[in-house]
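In: Pasting the sequence and the predicted coordinates here, then a few questions.
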Amino acid sequence: MFTTIQLAKGVQLHVHPTTQFKTVNFSIKWRAPLTDEAAAARTVLTNVLQHSNAKYDTTAAFRSYLDDLYGTVLYFDTAKRGNEHTVLLNVETVNDQYLKNANVLQEVLQTIHTSVFEPNVDEAGQFKEAIVNREREMVVQRIQSIFDDKTRYAQQQLTKLMRPNHAASISANGSLEAVKALTVADVTAAYHDMLLHDRIDIYVVGDVQPDEMATRLKQELPFADRDAQPLEAIPASTTEFEYVREQQDMKQGKLHIGYSTSVRFGDDDFAAMQIFNGMFGGYPHAKLFMNVREKESLAYYASSSYSGHYGLVFVLAGIEAANEEKAYTLIQQQLTAMQQGDMTELELAQTKAMLTNQLKEALDSARGQIEVYDQYKELDEQFSIDTWAARWDRITLDDVARMAKYVTLEKVYFLSGKEQE
């Protein structure tokens, strides 16, 4: 799907030449080891880079210029995967082939250069204090807003219980304390460290030529050679069982259950664990949805997710506080049923179809192609839908039951209203 070209040591370009889209999409990913302090500084940095640069020193001026480039979209963001923190620059612009007498692509490449290499700094080369203060406050508000989203808050609390001081519980935004402690010097240092030391992947999807694009990007993005910072292996740790309850001013209860598994992304059993999660609570035909929500009406929603990089399985259910014990017991019974092989071929077939269709749908967009390839390229094989569809197709009900036996209960976190004592 993608042709890979090395632009410099530690800097790789991945190009997918395709006529599928009328746009050209870019995604630059700077990767570094994940720590709370680094995540905080890099997140504030993305906000600072997003809104201005040396050429367009106000948000309004920069937005206006991008609008003039036929509505070109450019934004920075942060993400995490495993024990790695990523700064993203995503750009989408129209393909010149659909315009008359225009060279938008070259202007966009120059704008990417400006956004990355020509930041809005003072005479001393530091980011401007007023801008850093403003963007730091924006990140503070973003982190604080999680408290108002009770589902996200409950999930955050559960993850902290399961893996304290661990990559799994570090937010891509950093913690509130780490963000508040940031100085202008910290954000400026994070910027230079990112440019000089981060491992970089550059993705391009559109009707372009890989070699020509490599030449143009080498000119506009002159990244120097770098030695990628080593990543520590993620420990396969577990914690003792614990059932934690918290009360706040709210109505709907949030029952979040955390399990661990020895199966990680890239393991031989990874595909089978994906099937297990789909049958457990990943899809509308899954046991949690059909039995906890539909049959017994004990939940407004009930689903599961599998975090393969950390070896964790999560169950999320929105329930009435009075149904806490019944819902918890019924959820556990669904896992037990799967461990005992109480599943049907229809459930298995539906899950295989859903996983394959989900992958196909992701590849319907340029951004989806980038994200899917970026994840699966970590595996030592050429990615294709057919490869994964065949891999899922080989999974049997016995395989799923075996996966279910690898799933171990660790923590339960229940958030409910104070009036429901």
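Out: That came through fine. Keep in mind the model is a prediction, meaning the values are calculated, not measured.
In: where along the stretch 101-250 of the chain do the strands fall?
Out: 199-206, 242-248 (DSSP state E, counting those that start in this stretch).
In: helix or strand right after the shortest one?
Out: Sequence-wise, the next helix or strand downstream of strand 242-248 (DSSP states H and E) is strand 253-260.
In: and that next one, average pLDDT?
Out: Across strand 253-260, pLDDT averages out at 97.
In: Quick one: residues in contact with the following helix or strand past it.
Out: Counting by DSSP H and E, the next helix or strand C-terminal to strand 253-260 is helix 270-277. For helix 270-277, the external contacting residues (CB atoms under 8 Å, 6 or more residues apart in numbering) are 261, 263-264, 267, 304-306, 308, 313, 338, 348, 351-352, 355, 388, 391-392, 394-395, 399-400, 402-404, 406-407. Any C-beta I mention is one placed from the backbone N, CA and C, and that applies to glycine too.
In: Tell me where the model's unsure across the protein.
Out: Filtered on pLDDT under 70, the chain yields the residue ranges 100-101, 419-421.
In: Which residue lies closest in space to the most centrally placed residue in it, excluding its sequence neighbours?
Out: The chain has A79 as the residue nearest its centroid, 5.3 Å off, counting by CA atoms, centre = their mean. Spatial nearest neighbour of A79, excluding adjacent residues (CB to CB, 6 or more residues apart in numbering): T86 at 4.8 Å.
In: again, but for K29
Out: K29's closest residue in space is D201 (CB to CB, 6+ apart), at 4.6 Å.
In: which ones are touching that neighbour?
Out: Q12, H14, I28, K29, R31, D374.
In: From N165, how far out is it?
Out: Distance, D201 to N165, by CB to CB, to the nearest Å: 28 Å.
In: Could you look up the SS state of E92?
Out: Secondary structure state of E92, per DSSP: H, G, I helix; E, B strand; the rest coil, is strand.
In: all helices for the stretch 101-250 of the chain, in order.
Out: 104-117, 129-144, 150-162, 176-180, 184-197, 210-220 (DSSP state H, counting those that start in this stretch).
In: So what angle separates the directions of the longest helix anywhere in the chain and helix 270-277?
Out: For the chain, the longest helix by residue count, based on DSSP state H, is helix 345-362. Using axes from the mean of the first three to the mean of the last three CA atoms, to 10 degrees, one finds that helix 345-362 and helix 270-277 are set 110 degrees apart in direction.
In: Outside of helix 345-362 itself, list whatever touches it.
Out: 274-275, 278-279, 282-283, 285-287, 368-369, 371-372, 385, 388-389, 392-393, 395-397, 400.
In: Just the buried ones from those residues?
Out: The neighbour-count test (16 or more other CB atoms under 10 Å) applied to the contacts of helix 345-362 identifies 274-275, 278-279, 282-283, 285-287, 369, 371-372, 388-389, 392, 395, 397, 400 as buried.
In: Out of the residues you listed, list just those in helices.
Out: Per DSSP H, the buried ones among the contacts of helix 345-362 map to helices at Q274, I275, K287, Q369, E371, V372, W388, A389, W392, L397, V400.
In: Let me know the closest of those residues to V116.
Out: E371 (20.7 Å; CB to CB).
In: quick one: the closest residue in space to K405 that isn't next to it in sequence from L397, how far?
Out: Nearest non-adjacent residue to K405, counting by CB to CB, 6+ apart: Q339, 5.1 Å away. Counting by CB to CB, the gap from Q339 to L397 is 12 Å.
In: so how far is Q97 from the closest residue to E129 other than its chain neighbours?
Out: Among residues not flanking E129 along the chain, V184 sits closest, at 5.2 Å (CB to CB, 6+ apart). In this view, V184 and Q97 are 44 Å apart by CB to CB.
In: List the contacts of the residue nearest to K405.
Out: Applying CB under 8 Å, 6+ apart, the residues contacting Q339 are A401, A404, K405.
In: could you redo the last one with a cut-off of 10 Å?
Out: V400, A401, R402, M403, A404, K405, Y406, V407 (CB atoms under 10 Å, 6 or more residues apart in numbering).
In: And the residues you listed, which is closest to L217?
Out: Scanning these for proximity to L217, where the rule is CB to CB, the winner is M403, at 42.3 Å.
In: tally of neighbours for the closest one?
Out: Counted with other CB atoms under 10 Å, residues neighbouring M403 total 27.
In: residues touching it, list them.
Out: By CB under 10 Å, 6+ apart, the neighbours of M403 are 261, 263, 269-277, 279-280, 306, 313, 338-339, 395.
In: same question, E378
Out: Per CB under 10 Å, 6+ apart, neighbours of E378: R81, G82, F265, G266, H309.
In: The residue nearest to the centre of the chain: which element?
Out: With DSSP H and E as the test, A79 turns up in strand 73-81.
In: can I get the CA coordinates of stretch 202-210 in CSV?
Out: C-alpha atoms of stretch 202-210 as CSV (Å, rounded to 0.1, in the frame of the first residue of the first chain):
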residue,chain,number,x,y,z
ILE,A,202,5.9,11.3,7.3
TYR,A,203,2.8,10.0,5.4
VAL,A,204,1.5,11.2,2.1
VAL,A,205,-1.7,9.9,0.4
GLY,A,206,-2.8,11.2,-3.0
ASP,A,207,-2.2,11.2,-6.7
VAL,A,208,1.6,11.9,-6.3
GLN,A,209,4.8,10.2,-7.3
PRO,A,210,6.9,8.8,-4.4
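In: Tell me which of the strands of the stretch 101-250 of the chain is the most buried.
Out: strand 199-206 (a mean of 23; mean count of other CB atoms under 10 Å).
In: what's the angle between that one and helix 210-220?
Out: Using the same axes, to 10 degrees: strand 199-206 against helix 210-220 is 130 degrees.
In: sorry, back to before: could you give the bridge partners of the residue nearest to K29?
Out: Q12, K29 (DSSP bridges).
In: where's it relative to Y75, distance?
Out: Counting by CB to CB, the gap from D201 to Y75 is 17 Å.
In: list the buried ones in stretch 2-11?
Out: For stretch 2-11, using 16+ other CB under 10 Å, the buried residues are F2, I5, L7, G10, V11.
In: Which members of those residues define the maximum pairwise distance?
Out: So for those, where distance means CB to CB, the most widely separated pair is F2 and G10, at 17.9 Å.
In: Which segments of the protein make up each domain?
Out: 3-220, 242-420 (automatic domain parsing).
In: Export those to CSV and append columns for distance to D227.
Out: Listed next are these as CSV, based on distance: least, CB to CB, whole Å:
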stretch, distance to D227
domain 3-220, 7
domain 242-420, 19
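In: Of the contacts of D201, which is the nearest to E240?
Out: Nearest to E240 out of the contacts of D201 is R31 (CB to CB; 33.5 Å).
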